[in-house]
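Trainee: Please find the sequence and the predicted model below.
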Amino acid sequence: MIKKFEQYNKELPEVIIDYHKNGQKQYEYWFLNDKVHREDGPASQTWYSNGQKHVEEWYLNGKKHSENVPAIQWWYENGKKHVEEWYLNDKLHREDGPAIQWWWYSSVQKEFERWYLNGKEYSRDKWIDNLKKIGSPHYEEQEALYNAEKYNL
(Lines give C-alpha, C1' and ligand atoms only; values in the text may rest on other atoms or scores of the structure.)
Protein backbone atom coordinates (compact mmCIF):
# COMPACT_ATOMS: atom_id res chain seq x y z
CA MET A 1 0.00 0.00 0.00
CA ILE A 2 1.75 3.15 -1.21
CA LYS A 3 0.82 6.45 0.35
CA LYS A 4 1.83 9.52 -1.59
CA PHE A 5 1.75 12.91 0.04
CA GLU A 6 2.02 15.37 -2.80
CA GLN A 7 2.35 19.00 -1.98
CA TYR A 8 0.68 21.40 -4.38
CA ASN A 9 3.03 24.14 -3.30
CA LYS A 10 6.16 23.28 -5.32
CA GLU A 11 8.34 24.78 -2.57
CA LEU A 12 7.33 21.94 -0.22
CA PRO A 13 8.58 18.36 -0.53
CA GLU A 14 6.62 15.39 -1.81
CA VAL A 15 6.73 12.29 0.43
CA ILE A 16 6.19 8.72 -0.75
CA ILE A 17 5.70 5.97 1.85
CA ASP A 18 5.08 2.23 1.41
CA TYR A 19 4.47 -0.55 3.93
CA HIS A 20 5.33 -4.23 4.21
CA LYS A 21 2.38 -6.67 4.16
CA ASN A 22 2.63 -6.93 7.96
CA GLY A 23 2.01 -3.18 8.33
CA GLN A 24 5.61 -2.21 9.13
CA LYS A 25 6.92 0.75 7.16
CA GLN A 26 9.00 -0.41 4.17
CA TYR A 27 10.30 2.87 2.75
CA GLU A 28 9.94 6.62 2.86
CA TYR A 29 11.29 8.97 0.17
CA TRP A 30 11.26 12.78 0.13
CA PHE A 31 11.49 14.77 -3.13
CA LEU A 32 11.61 18.43 -4.05
CA ASN A 33 11.62 19.52 -7.71
CA ASP A 34 12.02 15.86 -8.77
CA LYS A 35 15.22 15.47 -6.71
CA VAL A 36 15.69 13.48 -3.53
CA HIS A 37 15.76 16.21 -0.90
CA ARG A 38 15.13 16.86 2.77
CA GLU A 39 16.66 19.52 5.00
CA ASP A 40 15.63 18.32 8.46
CA GLY A 41 16.20 14.57 8.30
CA PRO A 42 16.99 11.65 6.02
CA ALA A 43 15.44 11.95 2.55
CA SER A 44 15.42 8.20 1.96
CA GLN A 45 14.82 5.43 4.49
CA THR A 46 14.04 1.73 4.23
CA TRP A 47 13.14 -0.82 6.90
CA TYR A 48 13.22 -4.60 7.18
CA SER A 49 9.83 -6.29 7.67
CA ASN A 50 10.72 -6.78 11.36
CA GLY A 51 10.74 -2.97 11.80
CA GLN A 52 14.55 -2.68 12.00
CA LYS A 53 15.91 0.20 9.93
CA HIS A 54 17.87 -1.01 6.89
CA VAL A 55 19.10 2.14 5.10
CA GLU A 56 19.10 5.84 5.87
CA GLU A 57 20.31 8.44 3.34
CA TRP A 58 20.54 12.22 3.61
CA TYR A 59 20.23 14.32 0.43
CA LEU A 60 20.01 17.99 -0.46
CA ASN A 61 18.90 18.78 -4.01
CA GLY A 62 19.68 15.25 -5.20
CA LYS A 63 23.20 15.23 -3.70
CA LYS A 64 24.33 13.08 -0.78
CA HIS A 65 24.93 15.58 1.99
CA SER A 66 24.96 15.80 5.78
CA GLU A 67 27.12 17.89 8.06
CA ASN A 68 26.53 16.28 11.46
CA VAL A 69 25.66 12.64 10.87
CA PRO A 70 26.66 10.10 8.21
CA ALA A 71 24.86 10.79 4.93
CA ILE A 72 24.56 7.04 4.30
CA GLN A 73 23.98 4.36 6.95
CA TRP A 74 23.07 0.70 6.55
CA TRP A 75 22.20 -1.82 9.24
CA TYR A 76 21.99 -5.59 9.28
CA GLU A 77 18.58 -7.10 10.04
CA ASN A 78 19.77 -7.83 13.59
CA GLY A 79 20.27 -4.09 14.20
CA LYS A 80 24.07 -4.03 14.01
CA LYS A 81 25.59 -1.24 11.94
CA HIS A 82 26.96 -2.34 8.55
CA VAL A 83 27.98 0.83 6.66
CA GLU A 84 28.58 4.48 7.44
CA GLU A 85 29.54 7.02 4.76
CA TRP A 86 29.99 10.78 5.22
CA TYR A 87 29.33 13.18 2.31
CA LEU A 88 29.31 16.92 1.76
CA ASN A 89 27.82 18.10 -1.55
CA ASP A 90 27.99 14.57 -3.03
CA LYS A 91 31.71 14.17 -2.20
CA LEU A 92 33.06 11.82 0.44
CA HIS A 93 34.35 14.08 3.20
CA ARG A 94 34.97 13.90 6.93
CA GLU A 95 37.35 15.76 9.21
CA ASP A 96 36.72 14.01 12.53
CA GLY A 97 37.17 10.38 11.46
CA PRO A 98 37.05 8.05 8.47
CA ALA A 99 34.51 8.99 5.78
CA ILE A 100 33.75 5.31 5.07
CA GLN A 101 33.41 2.56 7.67
CA TRP A 102 32.13 -1.01 7.20
CA TRP A 103 31.55 -3.53 9.98
CA TRP A 104 31.41 -7.34 9.90
CA TYR A 105 28.01 -8.92 10.49
CA SER A 106 29.08 -11.18 13.32
CA SER A 107 31.03 -8.68 15.43
CA VAL A 108 31.61 -5.04 16.22
CA GLN A 109 34.99 -5.17 14.45
CA LYS A 110 35.40 -2.97 11.42
CA GLU A 111 35.92 -4.62 8.06
CA PHE A 112 37.61 -1.49 6.73
CA GLU A 113 37.70 2.29 6.89
CA ARG A 114 38.77 5.00 4.44
CA TRP A 115 39.67 8.68 4.87
CA TYR A 116 38.50 11.37 2.46
CA LEU A 117 38.55 15.13 2.15
CA ASN A 118 36.47 16.78 -0.59
CA GLY A 119 36.10 13.54 -2.52
CA LYS A 120 39.79 12.63 -2.49
CA GLU A 121 40.97 9.49 -0.68
CA TYR A 122 44.07 9.63 1.54
CA SER A 123 46.00 7.24 3.70
CA ARG A 124 45.30 8.03 7.33
CA ASP A 125 48.61 9.83 7.92
CA LYS A 126 48.22 11.93 4.72
CA TRP A 127 44.63 12.69 5.72
CA ILE A 128 45.91 14.02 9.07
CA ASP A 129 48.57 16.10 7.24
CA ASN A 130 45.80 17.59 5.09
CA LEU A 131 43.67 18.34 8.15
CA LYS A 132 46.54 20.50 9.34
CA LYS A 133 46.90 22.17 5.92
CA ILE A 134 43.22 23.13 5.75
CA GLY A 135 43.20 24.35 9.37
CA SER A 136 40.66 21.79 10.55
CA PRO A 137 39.63 22.13 14.20
CA HIS A 138 39.90 18.32 14.38
CA TYR A 139 43.58 18.14 13.43
CA GLU A 140 45.10 17.91 16.94
CA GLU A 141 42.55 15.40 18.19
CA GLN A 142 42.96 13.14 15.14
CA GLU A 143 46.75 13.32 15.28
CA ALA A 144 46.68 12.36 18.99
CA LEU A 145 44.31 9.43 18.33
CA TYR A 146 46.46 8.19 15.47
CA ASN A 147 49.66 8.40 17.49
CA ALA A 148 48.03 6.66 20.46
CA GLU A 149 46.97 3.76 18.20
CA LYS A 150 50.27 3.66 16.33
CA TYR A 151 52.41 3.58 19.50
CA ASN A 152 49.95 1.64 21.69
CA LEU A 153 49.66 4.50 24.18
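Mentor: Ah, there it is.

Trainee: Where does the prediction get shaky in this structure?
Mentor: 1-10 (pLDDT under 70).

Trainee: residues touching Trp75, list them.
Mentor: Going by CB atoms under 8 Å, 6 or more residues apart in numbering, Trp75 touches Gln52, Lys53, His54, Val55, Lys81, His82. In short, each C-beta sits where N, CA and C put it, glycine included.

Trainee: in the sheet, who's paired with it?
Mentor: Lys81 (DSSP bridges).

Trainee: Distance-wise, check it relative to Trp47.
Mentor: 10 Å (CB to CB, to the nearest Å).

Trainee: and if you look at Lys132?
Mentor: The value you get for Lys132 to Trp47, if CB to CB is used, is 41 Å.

Trainee: Correct me if wrong, but Glu141 is in a helix.
Mentor: Yes: counting by DSSP: H, G, I helix; E, B strand; the rest coil, Glu141 is found in a helix.
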